[in-house]
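Visitor: coordinates only, sequence not included:
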Ligand code: NDP
């Protein structure tokens, strides 16, 4: 038997979440690698799954947890053998396939990547999908040719998981980062991560003009809706915005003006189905470039039991940085 969070759908359509015990026979049959989880995390999407606030879970009952790190216990996959250290992010785990907020999981070997040399399970999950997505966003800015000397980079949702890691990465690479937050009392935290300036997210969250004063060479947005639209309206001629999230909303009430008059580029970022080569490259850069002291400052450790109470908080925007879950505590 092992400990797990289990989600069930109630008759009224709402979600019941409990900490319970499962046995291996309850793990999904369509997996070729059985793993011991050391750490998982609570991402925004896990908050949606546990609370049932959005239809993230599409198979019941479900163990949530889109991220996991630990060791392989048993494998019939040619690339994986007992004792191998792995990281799992996405692929529908915690949505359509039982996830990693548990001490054990059965996964597909094709979904796993090797944990970079020297990176602990805890560090991998302190980074988690949020941090890996921050790296995908930061790498996209570089691939699009945005250089540190080109001008300021706006990071929205700055005190959240994606935002906090993005600030640490980009400032570490020498970019001038401006953090947009609803938590102005966290300005010292954001500056310690590397933000040169902190602005109130209220300046971006309401409907605005299609073209505004040019300011940003690049944008890392995890908020969507009017915030993304205003950020794009403020991108300098030829600049780049990346979009990965929907913390304000899934809508995109924009005009084409910044694209057709300023040559602005909008780059979509997806972590869930990203191909293996892209994941491995992002995790290698996280291992080499993310300052461990900054990651420590971002991270709070909780237990599986705590995860149930913290899930609504992440949706309410009340969580600072990253929640790493010690599933064995
Ligand atoms: P967090 O909850 O940790 O961070 C989101 C932050 O957004 C909050 O901390 C808050 O920051 C800000 N925010 C919250 N509510 C609002 C609002 N109503 N209006 C404006 N800002 C708001 O979540 P994550 O960092 O884990 O994820 C961020 C987003 O990115 C989510 O939507 C998530 O689903 C998405 N995501 C997408 C991925 C992909 O593959 N495309 C992968 C990972 C995440 P502050 O208080 O500082 O303003």
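Guide: Thanks, I have the structure now. Just so we're clear, the structure is a prediction, and the values are computed from it rather than from any experiment.

Visitor: Could you use CA atoms for every contact and neighbour count after this?
Guide: OK.

Visitor: which bits of the stretch 101-250 of the chain sit near the ligand?
Guide: Contact residues (Cα under 6 Å from any ligand atom) of the stretch 101-250 of the chain with the ligand: 129-130, 133, 157-163, 181-183, 201, 222-223, 244-248.

Visitor: cutoff 5 Å now
Guide: 130, 157-162, 181-183, 222, 244-248 (Cα under 5 Å from any ligand atom).

Visitor: Give me the buried subset of those.
Guide: 130, 157-162, 181-183, 222, 244-248 (16 or more other Cα atoms under 10 Å).

Visitor: Mark which of those are part of helices, please.
Guide: 130, 161-162 (DSSP state H).

Visitor: one step back: could you single out the nearest of the residues of the stretch 101-250 of the chain next to the ligand to residue 94?
Guide: residue 130 (15.1 Å; Cα to Cα).

Visitor: give the contact list for the residue lying closest to residue 317 once chain neighbours are set aside.
Guide: The shortest distance from residue 317 to any non-neighbouring residue, by Cα to Cα, 6 or more residues apart in numbering, is to residue 160 (7.5 Å). Residue 160 is in contact with 317, 319-322, counting by Cα atoms under 8 Å, 6 or more residues apart in numbering.

Visitor: filter those down to the ones close to the ligand.
Guide: residue 317.

Visitor: Make CSV out of the contacts of residue 160 and add secondary structure and pLDDT.
Guide: Listed next are the contacts of residue 160 as CSV, based on DSSP: H, G, I helix; E, B strand; the rest coil; pLDDT from 0 to 100:
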residue, secondary structure, pLDDT
317, coil, 88
319, coil, 92
320, coil, 93
321, coil, 92
322, strand, 95
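
Visitor: Compare the contacts of residue 160 and tell me which is most surrounded.
Guide: Among the contacts of residue 160, residue 322 has the most neighbours (other Cα atoms under 10 Å), with 29 neighbours.

Visitor: just checking, that one touches residue 163?
Guide: No: between residue 322 and residue 163 there is no contact under Cα atoms under 8 Å: 10.1 Å.

Visitor: Just give me the residue right at the centre of this structure.
Guide: residue 130 (1.6 Å; Cα atoms, centre = their mean).

Visitor: so that one touches residue 161, yeah?
Guide: Yes: in terms of Cα under 8 Å, residue 130 counts as a neighbour of residue 161; the distance is 5.3 Å.

Visitor: that older thread, next, give phi and psi for the residue nearest to residue 317.
Guide: Main-chain dihedrals, residue 160, degrees, to the nearest 10: phi -80, psi -170.

Visitor: how's this structure carved up into domains?
Guide: 2-115+298-326, 129-268 (automatic domain parsing).

Visitor: ok, now which residue in the protein is the farthest from the centroid?
Guide: residue 261 (32.2 Å).

Visitor: can you tell me the helix or strand for residue 122?
Guide: helix 121-143 (DSSP states H and E).

Visitor: so how many other residues sit close to residue 30?
Guide: Residues lying near residue 30 (other Cα under 10 Å) number 10.

Visitor: now do residue 260
Guide: Residue 260, neighbours per other Cα under 10 Å, totals 10.

Visitor: doesn't it fall inside a helix?
Guide: Yes: counting by DSSP: H, G, I helix; E, B strand; the rest coil, one finds residue 260 located in a helix.

Visitor: For the closest residue to residue 269 other than its chain neighbours, grab phi and psi.
Guide: Counting by Cα to Cα, 6+ apart, the nearest residue to residue 269 once its immediate chain neighbours are dropped is residue 244, at 4.9 Å. Per-residue torsions, residue 244: phi -130, psi -10 (degrees, to the nearest 10).

Visitor: about what we covered before: ok, which pair from the residues of the stretch 101-250 of the chain next to the ligand is furthest apart?
Guide: Going by Cα to Cα, the pair spanning those furthest: 183 and 244, at 20.5 Å.

Visitor: hang on, the earlier thing: how much space is there between the residue nearest to the centre of the chain and residue 148?
Guide: Distance, residue 130 to residue 148, by Cα to Cα, to the nearest Å: 23 Å.

Visitor: which residues of the stretch 1-150 of the chain fall in helices?
Guide: 44-51, 121-143 (DSSP state H, counting those that start in this stretch).

Visitor: Was I right to think residue 305 contacts residue 17?
Guide: No: contact criterion Cα under 8 Å: residue 305 and residue 17 do not qualify, at 10.5 Å.

Visitor: residue contacts, residue 174?
Guide: Neighbours of residue 174 in contact, by Cα under 8 Å, 6+ apart: residue 148.

Visitor: Does it belong to a helix, a strand or coil?
Guide: coil.

Visitor: For it, give me the pLDDT.
Guide: Residue 174 carries a pLDDT value of 98.

Visitor: Residue 98 is in contact with residue 27, isn't it?
Guide: Yes: at 7.2 Å, residue 98 and residue 27 qualify as touching, with contact defined as Cα under 8 Å.

Visitor: neighbour count winner among those two?
Guide: Comparing residue 98 with residue 27 by other Cα under 10 Å, the one with more neighbours is residue 98, at 27 against 19.

Visitor: Fine by me, thanks again.
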